[in-house]
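Asker: would you be able to build a 3D model of this:
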Amino acid sequence: MKNNWNKTELTQKLKKIAGSRYILTAEWSKQPYSKGWRFGSGEAFAVAKPGNLLEIWKILEVCIKNDIIVIMQAANTGLTGGSTPDGNDYDRLIVIINTMRIDNIQPINEGKQIIGFSGSTLFGLENKLAKYGREPHSVIGSSCIGASIVGGICNNSGGALVKRGPAYTELSLYAQVNSKGKLSLVNELGIELGNTPEEILTNLQKQNYTKKDIQHPKKLASDNKYQERVRNINANTPARFNADGRRLYGASGCAGKIAVFAVRLDTYPAPLRNKVFYVGTNNPNVLGKIRRDILSKFQHLPTSGEYLHRDCYDATKKYCKDTFVVIDKMGPSFIPKLFKLKRKVDLFADKLKFLPNKFSDKLMQFISSFWPNHLPKRMEEYREKYEHHWIIEMSDKGVDEAKKYFNEFFNKYEGSFFECTKKEGEKALLHRFVAGGAVGRMHAIHEKKYGEMMSMDIAFPRNEKDWFEKLSPEIDGLLETKLYYGHLFCHVLHQNYIVKKGVNAKKLKKKLLKTFDKRGAEYPAEHNVGHEYFAKPSLSSFYKKLDPTNGFNPGIGQTSKLKYWK
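Answerer: Coordinates of the predicted model:
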């Protein structure tokens with residue numbers, strides 16, 4: 001590590017740009033930004049919280065001139081630690097630029113597209129689009145924990161919505177550094193905003209442009225081929241995954257290797273009618289048959305199709321009750337505040353040795369145990385009867401198509417279904433979407449009893465018929481529990497494991513990944529590599545092209561943390 005930086009002088013320069021209140025250097029104040037939501041933490045020299053796009057640019061100028069690493073960060077809700085430092089073995093100082101104060105969303109083209117700034121959130125976008133009768137790329141799930149629009153693009157996130165695919169655009173505004181260390185602003189938004197960085201960023205910030213300035217280049221603002229891909233049930237590759245070279249372009253999939261100021265995205269017409277169908281069976285092949293039938297024969301694709309194994313159903317009911325109840329009673333807008341409070345409680349508890357580790361989880365779990373059963377009666381009946389649960393949402397003309405199909409299908413095959421009431425449908429989907437927190441809470445409550453936990457984000461080939469995991473006794477015997485859930489139409493499954501006490505989790509993970517490799521799977525599917533997964537050559541080459549000096553988010557995908565990728 002170099003030691004010739006004048007830290008006091010650097011701090012003063014940053015404070016002059018963003019204001020003293022928004023440059024954090026105390027360890028206590030930096031921790032919520034330097035520690036990941038679930039994974040990863042490390043040391044940062046400072047956290048900057050700029051209030052507009054031009055302030056981001058000026059902070060970047062200071063950092064690049066002084067050979068300082070920049071990590072761009074929005075909501076810090078990533079599951080693989082991709083927006084925080086990882087360890088303390090970097091060769092330069094690190095400044096984290098948190099963009100959440102810059103949350104502007106500008107609808108254009110009568111709301112058919114939007115410009116989302118670096119700190120804008122999916123939840124904010126849902127609200128913004130409501131008056132246009134349109135919807136964003138992703139809805140509750142990512143949005144309920146405050147995830148950002150730009151973060152989704154940078155990580156090719158999402159794809160739970162069957163008709164829309166992963167977050168993608170070729171229209172963005174970003175800064176990058178060339179091989180000689182020169183910072184430049186790249187305007188690919190398709191909007192005429194001026195020539196200099198100051199003009200471009202100020203005009204965009206103030207929405208100082210007209211309809212005439214908005215161009216319509218032959219570039220995508222969404223993945224327009226996804227429906228075709230997901231319907232191809234005989235293909236031997238996955239429908240979507242983070243290292244898919246078709247969907248690596250500029251900001252899309254960049255994983256923070258450039259500094260993204262804004263993105264331009266398509267929006268979608270809100271359906272006039274929705275219906276949730278709850279499917280249960282004890283045979284995973286039944287769900288496989290339904291999947292292939294719907295994707296290959298239905299005229300209208302589902303909105304979503306969310307799978308939940310019975311063990312995960314039970315764990316989610318017990319360990320995610322508090323999150324479920326908060327969203328159900330107070331709305332998803334409260335969740336980011338809850339997570340912020342939770343982080344502060346844990347940071348405070350860490351200072352007090354008499355309080356247990358992960359105190360907030362244990363406190364919330366204790367409080368939630370007094371709340372009555374929150375799940376609908378028919379869901380609970382299906383839990384008793386069936387091992388495999390599938391929540392399928394249809395819209396408009398697809399509702400009647402699905403109703404006719406299911407009535408005929410379950411006259412021939414094992415299992416059953418019911419049409420959810422509006423409230424049942426909301427609760428079924430919410431139960432599935434809070435499931436992501438079950439393994440973490442379970443592990444926190446039983447940390448003395450259990451070994452490490454592992455979360456896998458796997459995309460299986462579209463032609464895979466044996467989709468449900470069957471582990472060898474050698475591997476299965478090392479696991480304390482397995483929790484399976486995912487997006488079954490696109491064969492993206494989240495497979496969470498807690499290993500038995502004393503088991504070497506790293507060695508076991510390698511064995512598990514080999515089983516996925518043999519099945520032609522790709523991973524990660526939608527949470528990106530972060531610091532948890534190895535970036536395959538196609539992905540690391542993309543990173544090096546975007547960031548030849550390795551000054552933005554070094555070490556991502558287990559790559560080099562050193563300057564010029566040494």
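Asker: pLDDT below threshold where in the stretch 201-350 of the chain?
Answerer: 336 (pLDDT under 70).
Asker: strands along that one, start to end?
Answerer: Listed in chain order, the strands of the stretch 201-350 of the chain (DSSP state E, counting those that start in this stretch) span 259-266, 268-269, 274-281, 304-309.
Asker: for those, which one sits closest to residue 350?
Answerer: Ranking the strands of the stretch 201-350 of the chain by their distance to residue 350 (criterion: C-beta to C-beta) puts strand 259-266 first, at 31.3 Å. All C-beta spots, glycine's among them, are computed from the backbone N, C-alpha and C.
Asker: gap between the closest one and the chain center?
Answerer: Between the mean C-alpha location of strand 259-266 and the chain-wide mean there is a distance of 16 Å, by C-alpha atoms, centre = their mean, to the nearest Å.
Asker: list the neighbouring strands of that strand plus their orientation.
Answerer: Sheet neighbours of strand 259-266, with direction, are listed as strand 113-117 (antiparallel), strand 172-177 (antiparallel) (DSSP bridges).
Asker: quick one: mean pLDDT over stretch 507-523.
Answerer: pLDDT averaged over stretch 507-523 equals 96, rounded to a whole number.
Asker: apologies, that question was intended for stretch 473-480.
Answerer: Taken as a whole, stretch 473-480 has a mean pLDDT of 97.
Asker: tally of neighbours for residue 472?
Answerer: Neighbour count for residue 472, taken as other C-beta atoms under 10 Å: 9.
Asker: got a list of what the residue nearest to residue 154 when sequence neighbours are not counted touches?
Answerer: Beyond its immediate neighbours in the sequence, the residue positioned closest to residue 154 (C-beta to C-beta, 6 or more residues apart in numbering) is residue 254, lying 5.2 Å away. Taking C-beta atoms under 8 Å, 6 or more residues apart in numbering as the definition of contact, the neighbours of residue 254 are 154, 174, 260, 542, 543, 546.
Asker: could you do residue 153 as well?
Answerer: 167, 168, 169, 172, 251, 252, 260, 263, 265.
Asker: what helix or strand is it located in?
Answerer: Under the criterion of DSSP states H and E, residue 153 resides in helix 149-154.
Asker: check the nearest residue to residue 7 once chain neighbours are set aside and give its pLDDT.
Answerer: With C-beta to C-beta, 6+ apart as the measure, residue 45 is the residue that lies nearest to residue 7, at 6.8 Å, once sequence neighbours are left out. The per-residue pLDDT reported for residue 45 equals 97.
Asker: repeat that for residue 389.
Answerer: pLDDT recorded at residue 389 is 98.
Asker: that one should be in a helix, yeah?
Answerer: No: secondary structure assignment (DSSP: H, G, I helix; E, B strand; the rest coil) places residue 389 in strand, not in a helix.
Asker: so what's the residue count around it?
Answerer: For residue 389, the count of nearby residues is 24 (other C-beta under 10 Å).
Asker: ok, it touching residue 308?
Answerer: Yes: taking contact to mean C-beta atoms under 8 Å, the distance of 4.6 Å between residue 389 and residue 308 places them in contact.
Asker: ok, which stretches of the stretch 451-566 of the chain are helices?
Answerer: Along the stretch 451-566 of the chain, the stretches classed as helices by DSSP state H, counting those that start in this stretch are 473-476, 505-518, 537-546.
Asker: can you redo these as CSV with distance to residue 553 and mean neighbour count?
Answerer: Putting these into CSV (distance: least, C-beta to C-beta, whole Å; neighbours: other C-beta atoms under 10 Å) gives the following:
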stretch, distance to residue 553, mean neighbour count
helix 473-476, 33, 10
helix 505-518, 23, 13
helix 537-546, 9, 17
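Asker: to residue 82, which of the ones you listed lies closest?
Answerer: Using C-beta to C-beta as the criterion, the shortest distance between residue 82 and the helices of the stretch 451-566 of the chain is 11.8 Å, found for helix 537-546.
Asker: quote the end-to-end distance of stretch 243-262.
Answerer: Counting by C-alpha to C-alpha, to the nearest Å, you get 22 Å between the two ends of stretch 243-262.
Asker: cool, stretch 531-541 as well?
Answerer: Length of stretch 531-541, first residue to last, C-alpha to C-alpha: 17 Å.
Asker: got the contact list for that stretch?
Answerer: Contacts with stretch 531-541, where a contact means C-beta under 8 Å, 6+ apart, come from 39-40, 80-82, 86, 242-243, 245, 248, 253, 523-524, 529, 543, 555-559.
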